[in-house]
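[1] just to be clear, the model below is a prediction. Sequence and coordinates:
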Amino acid sequence: MLNVKDIEVAYDATQVIFGLSVVALPGQVLCLLGRNGAGKTTTLKAIMGLLPLRAGSVSLDEVVLSELAAHEVPRCGVAYVPQGRRLFTEMSVAQNMDIGLMVSGAGRATREKVLELFPRLRERLTQRADTLSGGEQQMLAMARALCTEPKVLLLDEPVEGLQPSMIALIRDVIIRLKSENVAIVLVEQQVDAVLAIADTVAFIEHGRCPETMAARELQNDASQLRRYLGV
Amino acid sequence: MTPGGHSFLSSAPFRSVLLHGSIVLLLALLFGVLPEYHSGNLARIMVLAVYAMGYNVLFGYTGLLSLGHALFFAAGMYGLGLTMYWLDASPAPGMLAGLISALVVSAIIGSLALRTTGVAFMIVTLMFAQAGFLTILLLGEYTRGDEGFVLQQADRVLFGFDLTQPAVRYASALMLFSLCLALVAVLVQSRFGKTLVAIRENEERARMLGYDVLRHKWLAVIVSGTLSGASGAAYALLFGYAGATFATVQYSIFPLLWVLLGGAGTTIGPLIGTVFMFYLIDISSQFTSAYLLIAGIILILLTLFAPQGLAGVIRKRLIPWLP
């Protein structure tokens, strides 16, 4: 269980997260929903240790992640797929995955498992990453993250700008990971992309999380969506 | 290109041995073929190519541009030179002193300079190298400053071989070169080497995946600096002279040019670049005293039309698996 507790984060003098708390459970999708600038991505970066906490803590099961150096967090089982994907563009698909595999010391079994999730990547193993289509790049970014065998997967707007068939593919992978007991934290702005697969929705507003509710409830009652997203 | 990732990866070591083995074999055969003037040049080139290979580990594979590698070259050169000149050490312990000196200097400089990135890193390394150069002048009593000192022929005997003999010198240069080439070839295929490339490509991403970026960069500076030092020490030993000129900024720029021309981030690029630049100056100076003008124009043209260097072009057009 990933436990984010009362965290406060600032970029230099400007505080952007004010005592935010969320919990991500294994085998469930937690969706952080909010407007631009609400602090969703900042929350993910704080979990990864890329931004220092002013207060509060982040822990995964017994391990207090917020006391570790940034490069140690992924080794504890948290993987992050940032917005814009950020591949090693000059490397091949296989090399990108190798970099992920080397982190966990995982072998062929993991590689096979990940390639099974993304069969399209298997066809393109020797291709340079920057020659892939947007959707394939997103797949590779996720594949590389999964090569580290994470317990928690953080996804920042994974379907942004992708065509519907690609969105469906990525959604299937998320559902598959759920069944394998990975805890997934999903940042989204588009409600439709999320409601079908999320278990819990945490609304983020002005660096706080004023309300968390089950996605099921939200489908029946859209008033909260209007309030936090204006849709 | 072979299909499928695994057959490609598993054959990479074989190809690497084949490629680098052939180069070493070619260099060995060239000694029998070339006239003495050119084989003498080639001995010098091989030693300097080791310097370029060291530079390439940091610049080509890790993506850190240093303008102060002359300091590491000089650390090796003076580490060997001073112990042989003042302590009457024989070449083997002298070489060891050169290596240790370069290793220690690069470990210290690395731990300080890596606090900066980008342009600041370039400036800081440049400044450290200038400080090193000035220190050599300041300690002129021992280093004999600009004038430098000559290592006597009688002292330059390694395991009974007279290193001033052209054949022995060529063989020694080739051995050092082969050893370092093998080392770099193994390094870039290793986990460590792959991690360096990942850092070069996207430092933040590498950190997010769980790599200690700073530690890897520091180790890269040490490997790079020690190889440069090995070259400096061998240069003093084989050519019998150590002087402050080798610590000037010019000698920091040379490996950058060699690597850029030959192909940054390739194992054979440094050798190609060093040969190319050496003979570019050698040949153009036969025709005109304005040889630097010719060299400069050709460098500009190459940078314009082959920005990845000569080995980069080979990799792009002919051998995509070039390590």
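    Structure received. All of these numbers come straight from a predicted model, not from anything done at the bench.
[2] so A:Val16: helix, strand or coil?
    strand (DSSP: H, G, I helix; E, B strand; the rest coil).
[3] isn't it up against A:Gly39?
    Yes. Taking C-beta atoms under 8 Å as the definition, A:Val16 is a contact partner of A:Gly39 at 5.2 Å. Where you see a C-beta, it was placed from the backbone N, CA and C, and this is true even at glycine.
[4] any residues in contact with both of those two?
    A:Val9, A:Gly207 (C-beta atoms under 8 Å, 6 or more residues apart in numbering or on different chains).
[5] compare these two (neighbour count), which wins?
    Shown here are A:Val16 and A:Gly39; by other C-beta atoms under 10 Å in any protein chain shown, A:Gly39 has more neighbours (23 against 19).
[6] can you list the residues of chain A near chain B?
    Contacts of chain A with chain B, taken as C-beta under 8 Å from any C-beta of the partner chain, map to A:48, A:50, A:69-75, A:79-80, A:82, A:86-95, A:98-100, A:102-103, A:125-126, A:144-145, A:148.
[7] report the buried members of the residues you listed.
    Burial by neighbour count, judged by 16 or more other C-beta atoms under 10 Å in any protein chain shown, picks out A:48, A:50, A:70-71, A:73-75, A:79-80, A:82, A:86-88, A:91-95, A:98-100, A:102-103, A:125-126, A:144-145, A:148 from these.
[8] so of those residues, which ones are in strands?
    Per DSSP state E, strands hold the following members of those: A:Ala79, A:Tyr80.
[9] tell me which element A:Val23 falls in.
    In this assignment (DSSP states H and E), A:Val23 forms part of strand A:14-24.
[10] name the residues that touch that strand?
    A:1-10, A:30, A:32, A:39, A:42-43, A:46, A:54-56, A:152, A:183-185, A:202, A:204, A:206-209, A:212.
[11] what bridges to the residue lying closest to A:Tyr80 once chain neighbours are set aside?
    Nearest non-adjacent residue to A:Tyr80, counting by C-beta to C-beta, 6 or more residues apart in numbering or on different chains: A:Leu154, 4.5 Å away. Note on A:Leu154: beta-bridge partners A:Tyr80, A:Val185, judged by DSSP bridges.
[12] A:Leu154 touches A:Leu44, doesn't it?
    Yes. In terms of C-beta under 8 Å, A:Leu154 counts as a neighbour of A:Leu44; the distance is 4.9 Å.
[13] number of residues surrounding the residue nearest to A:Tyr80?
    Neighbour count for A:Leu154, taken as other C-beta under 10 Å: 27.
[14] same deal with A:Cys76?
    Neighbours of A:Cys76 using other C-beta under 10 Å come to 18.
[15] look up phi and psi at the residue lying closest to it once chain neighbours are set aside.
    Closest residue to A:Cys76 apart from its sequence neighbours, by C-beta to C-beta, 6+ apart: A:Val63 at 5.3 Å. Here is the backbone geometry of A:Val63 (degrees, to the nearest 10): phi -90, psi 130.
[16] just the ones in strands from the contacts of strand A:14-24, please.
    Counting by DSSP E, the contacts of strand A:14-24 place A:2-10, A:30, A:32, A:54-56, A:152, A:183-185, A:202, A:204, A:208-209, A:212 in strands.
[17] of those residues, buried ones?
    By 16+ other C-beta under 10 Å, the ones in strands among the contacts of strand A:14-24 give A:2-4, A:7-10, A:30, A:32, A:56, A:152, A:183-185, A:202, A:204, A:208-209 as buried.
[18] near A:Ala38, how many residues? Count them for me, please.
    Other residues near A:Ala38 come to 24 when the count uses other C-beta under 10 Å.
[19] does the residue nearest the centre of chain B lie in a helix or a strand, and which?
    With distances taken as C-alpha atoms, centre = their mean, B:Tyr51 lies nearest the centre of chain B, 1.7 Å away. Element membership for B:Tyr51 (DSSP H and E) is helix B:36-56.
[20] what's the first helix or strand after that helix?
    helix B:70-87.
[21] I'd like the next helix or strand past that following helix.
    helix B:91-113.
[22] what's the mean pLDDT across that next one?
    For helix B:91-113, the mean per-residue pLDDT is 96.
[23] go on, stretch A:42-59?
    Taken as a whole, stretch A:42-59 carries a mean pLDDT of 93.
[24] how about that stretch: buried residues?
    Residues of stretch A:42-59 classed as buried under the neighbour-count rule (16+ other C-beta under 10 Å) are A:42-51, A:53, A:56, A:58-59.
[25] which of those fall within helices?
    A:Thr42, A:Thr43, A:Leu44, A:Lys45, A:Ala46, A:Ile47 (DSSP state H).
[26] turn those residues into CSV, including distance to B:Ser284.
    Compiled in CSV, those are given as follows (distance: C-beta to C-beta, whole Å):
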residue, distance to B:Ser284
A:Thr42, 57
A:Thr43, 61
A:Leu44, 57
A:Lys45, 54
A:Ala46, 59
A:Ile47, 59
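[27] pLDDT weak spots in chain A?
    A:85, A:230-231 (pLDDT under 70).
[28] in it, which helix is the longest?
    Longest helix of chain A, by residue count under DSSP H: helix A:164-179.
[29] please identify the buried residues of it?
    Going by 16+ other C-beta under 10 Å, helix A:164-179 has these buried residues: A:Met166, A:Ile167, A:Leu169, A:Ile170, A:Arg171, A:Val173, A:Ile174, A:Leu177, A:Lys178.
[30] and the residue nearest to A:Arg144 when sequence neighbours are not counted, what does it touch?
    Of all residues not flanking A:Arg144 in the chain, A:Gly100 sits nearest, at 4.0 Å (C-beta to C-beta, 6+ apart). For A:Gly100, the contacting residues are A:Ala143, A:Arg144, A:Ala145, A:Leu146, A:Cys147, A:Thr148, B:Leu209, by C-beta under 8 Å, 6+ apart.
[31] residues near the fifth one, how many?
    For A:Cys147, the count of nearby residues is 25 (other C-beta under 10 Å).
[32] tell me the spacing between the residue nearest to it when sequence neighbours are not counted and B:His216.
    Leaving aside its chain neighbours, A:Cys147 sits nearest to A:Gly100 (3.1 Å; criterion: C-beta to C-beta, 6+ apart). For A:Gly100, the distance to B:His216 equals 16 Å [C-beta to C-beta, to the nearest Å].
[33] which residue ranges make up each domain of chain A?
    As given by automatic domain parsing, the domain ranges for chain A are A:2-77+A:151-229, A:91-149.
[34] of all the ones you listed, which one is nearest B:Gly193?
    Across the domains of chain A, B:Gly193 has its closest neighbour in domain A:91-149 (11.1 Å, C-beta to C-beta).
[35] thank you, goodbye.
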